[in-house]
Structures are given as C-alpha cells and as structure tokens.
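S.K.: What follows is a predicted structure for the sequence shown.
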Amino acid sequence: MATKGLLAELATAYTGASGVPLAFEAVGGVDAARRVSAGEPFDVVVLASDAIDKLAAAGKVDASRKVDVVRSGVAVAVAAGAAQVDISTGEAVRRAVLDAARIAYSTGPSGVALIALFERWGIADAIRERLVQAAPGVPVGSLVARGEASLGFQQLSELIGVEGIELLGPLPPEIQITTVFSAAPVANASRPDAVDGLLAYLASPATGDAKRRHGMEPA
C-alpha cells in the first residue's frame, strides 16, 4: 500500500509513453504475497525487497530480474489541531511514545520494525495495551484522524494527503526505518518483453521526481 499512489501515477505515464496497457492492483503486502504464491496470473509484483526474496526462494518470481524501485521511510502524525509533539531525536520520540494515550502502527514491514524498536528501548511491555495495529489496507492516518490513536507511525507515502491529521515529519535519522520496495516478474508472466520494459522504467532516473513527490527516494 505504501507504493499505491506512486505506482498508479507511473502506470499512467508508462502506458502513455509506451502504448502498453498497464494496471496495478494495490493490496496489503501479506495479501499480495499470498496471491502470488497461490498462482494468480499477475505479470509483475512490487513488494518489500525481503518479501520478493521469499517469493523467489519459493520459485514464484524470477529473482534474476528483480529491480529495486524506491526507499521508503517512516513518518509520524497526530490529529489535526492536536498539540505538537517533539520528534527531533530518538529520545524525543521515545518520550512521545511513552506519553501517548494510543499509538497506531501498520501491519507492514515498518510496523514490525517499529515494534522491534520499542523492544530495544525496553518499553514494549509498558505500552502494549496502548498499541493499535491498523488492519491490512487501512491507513494509520485514518485511525489518528478519527481519534482512535493520538500518535501514528507509518510510511511517509501513506500519511501524505490524509485528511484530519498533521504530519510531524520523518523519524530522526538515528532511528529511521527504511524499507526498500522491489519489483520482479511473476513466474510464467504472459508478456516477458513488456515486463522487462516496465521493470527498466520503474528503476529509471525518469521516475525520480514522482518518487520524491510521493515521499520516497529512488533506490
């Protein structure tokens, strides 16, 4: 879901430039991996790099043609109009988490890494009852906007443009959680020539500005 908006924009641009019809279906990463594993007829899959590697190990995608597409970091949000929270340092974020009434996080790789960070800080048990995990495909920002959480953590690209929240900014560098999203051909893709052209485009410098607009960096 972190790449949903970006891939929709790139699909339109690629089809316009190449004449090749292209449509991305955006679903949660767990669901996407499950559907590819089950043999649904997709040509390309875009997922966190480690998830692509697992599909490759199972023979579901062609690892030799995998390309890294973007690097995506985690940001923090509060409800619109809420008091500002200091997230300028790792220690400031730790204090903000301890002070928050409810903390929302995602089901994706960034959510797993965030929980690991709380464990390293030694606060996981203290905040466990205040953690709210967004359901697959549900933006963390929507929970914050509805008042179901006072502090939200998710990929920056998924928080941009969500109504009813205020984006505090990315996590500070010392605790930033970065996910590399990659693309690979699904085994037995129906149009291998078209797939290779798409993969080259997704990794090309021509897509850099779009990636930055969506809160990510070229990989």
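M.R.: Looks like it came in fine. Keep in mind it's a predicted model, so treat the numbers as computed, not measured. Numbers count the residues shown, from 1 in each chain.
S.K.: Point out where the chain drops to low pLDDT.
M.R.: Across the chain, nothing is flagged by pLDDT under 70.
S.K.: In it, mark out all the helices, start to finish.
M.R.: Here the chain has its helices, by DSSP state H, at 4-18, 29-37, 49-57, 90-99, 109-121, 124-127, 140-145, 156-159, 192-202, 208-213.
S.K.: Those helices into TSV, with extra columns for mean neighbour count and distance to residue 75?
M.R.: C-beta: built from backbone N, CA, C; applies to glycine. TSV is the format used below for the helices of the chain (neighbours: other C-beta atoms under 10 Å; distance: least, C-beta to C-beta, whole Å):
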stretch	mean neighbour count	distance to residue 75
helix 4-18	17	15
helix 29-37	17	18
helix 49-57	17	20
helix 90-99	16	11
helix 109-121	17	10
helix 124-127	12	19
helix 140-145	25	10
helix 156-159	24	4
helix 192-202	17	23
helix 208-213	14	14
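S.K.: and residue 147, what does it touch?
M.R.: Neighbouring residues of residue 147 by C-beta atoms under 8 Å, 6 or more residues apart in numbering: residue 79.
S.K.: And it, how far from residue 58?
M.R.: In this view, residue 147 and residue 58 are 41 Å apart by C-beta to C-beta, to the nearest Å.
S.K.: Remind me what the lengthiest strand in the chain packs against, helices and strands.
M.R.: The residue-count maximum for a strand in the chain (DSSP state E) belongs to strand 67-79. Other helices and strands packing on strand 67-79, by 3 or more C-beta pairs under 8 Å, 6 or more residues apart in numbering; DSSP states H and E, are helix 109-121, helix 140-145, strand 151-155, helix 156-159, strand 165-170, strand 178-185, helix 192-202, strand 216-218.
S.K.: give me that answer again for 6 Å
M.R.: If contacts are counted by 3 or more C-beta pairs under 6 Å, 6 or more residues apart in numbering; DSSP states H and E, strand 67-79 sits against helix 140-145, strand 151-155, helix 156-159, strand 165-170, strand 178-185, strand 216-218.
S.K.: Provide the strand pairings for it, with the direction of each partner.
M.R.: For strand 67-79, the pairing partners within the sheet under DSSP bridges are strand 151-155 (antiparallel), strand 165-170 (antiparallel), strand 178-185 (antiparallel), strand 216-218 (antiparallel).
S.K.: Kindly check the end-to-end length of stretch 24-35 for me.
M.R.: The stretch stretch 24-35 measures 14 Å between its terminal residues, going by C-alpha to C-alpha, to the nearest Å.
S.K.: quick one: contacts for residue 48?
M.R.: 109, 179 (C-beta atoms under 6 Å, 6 or more residues apart in numbering).
S.K.: hey, what's it bridged with?
M.R.: residue 181.
S.K.: And it, how far from residue 92?
M.R.: Taking C-beta to C-beta, one finds residue 48 at 27 Å from residue 92.
S.K.: Residue 83 now?
M.R.: 14 Å.
S.K.: And for residue 109?
M.R.: For residue 109, the distance to residue 92 - C-beta to C-beta - is 24 Å.
S.K.: for residue 149, same thing?
M.R.: Applying C-beta to C-beta to residue 149 and residue 92 gives a distance of 19 Å.
S.K.: Could you tell me the end-to-end distance of stretch 157-176?
M.R.: End-to-end distance for stretch 157-176: 14 Å, by C-alpha to C-alpha.
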